[in-house]
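Peer 1: quick one, structure for this:
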Amino acid sequence: MSIRPRKRETISISDDKAYETILRPIITEKATMLSEQNKVGFVVPLSATKLEIKAAVEKLYNVKVEAVNTSILKGKTKRFKGVLGKRIDQKKAFVTLAEGQSVDMMQGV
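Peer 2: As a prediction, the model looks like this:
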């Protein structure tokens, strides 16, 4: 019994959907250190899938994406003037770029 490897799926995505998928880059000290390993971080909607994130990054930045890792950051419960509130949940995507590829986050700043 042999197991066939899954075929790599690719999807096409419109410009509008790509801009809706990538909300903003993560620009922190730790994310900057990850850029030395060809990794870039983005905040994405909770409903975004790895295939959508890959297609959006490839379309917006004209780079080749090798892998996408996602994590969900649960919102904290905070107290403001005695009233309990809750921050929103966020989804982070860390994208591994192909060798020799890079994304300039400070472009246009």
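Peer 1: any buried residues in stretch 22-37, and which?
Peer 2: Going by neighbour count (16 or more other CB atoms under 10 Å), the buried part of stretch 22-37 is 22, 26, 31, 34. All C-beta spots, glycine's among them, are computed from the backbone N, C-alpha and C.
Peer 1: the residue nearest to the spatial centre of the chain: what's it in contact with?
Peer 2: When CA atoms, centre = their mean is applied to the chain, the residue found nearest the centroid is residue 93 (2.9 Å). Residues in contact with residue 93 (CB atoms under 8 Å, 6 or more residues apart in numbering) are 41-44, 48, 50, 53, 68-70.
Peer 1: give me the element residue 72 is part of.
Peer 2: strand 65-73 (DSSP states H and E).
Peer 1: quick one: list the elements packing against the lengthiest helix in the chain.
Peer 2: Secondary structure of the chain read by DSSP state H shows that its longest helix is helix 50-61. Secondary-structure packing of helix 50-61 (3 or more CB pairs under 8 Å, 6 or more residues apart in numbering; DSSP states H and E): helix 15-21, strand 39-44, strand 65-73, strand 90-97.
Peer 1: again, only using 7 Å
Peer 2: Other helices and strands packing on helix 50-61, by 3 or more CB pairs under 7 Å, 6 or more residues apart in numbering; DSSP states H and E, are helix 15-21, strand 65-73, strand 90-97.
Peer 1: give me the beta-bridge partners of residue 84?
Peer 2: Assessed by DSSP bridges, residue 84 has beta-bridge partners residue 79.
Peer 1: thought residue 76 was touching it, still the case?
Peer 2: No - between residue 84 and residue 76 there is no contact under CB atoms under 7 Å: 11.0 Å.
Peer 1: where does pLDDT dip in the protein?
Peer 2: Scanning the chain with the threshold set as pLDDT under 70 gives 1-9, 106-109.
Peer 1: try 50 this time
Peer 2: 108-109 (pLDDT under 50).
Peer 1: thinking again about what came up before, now flag whichever of the contacts of residue 93 is closest to residue 17.
Peer 2: The shortest approach to residue 17 among the contacts of residue 93 belongs to residue 48, at 9.9 Å (CB to CB).
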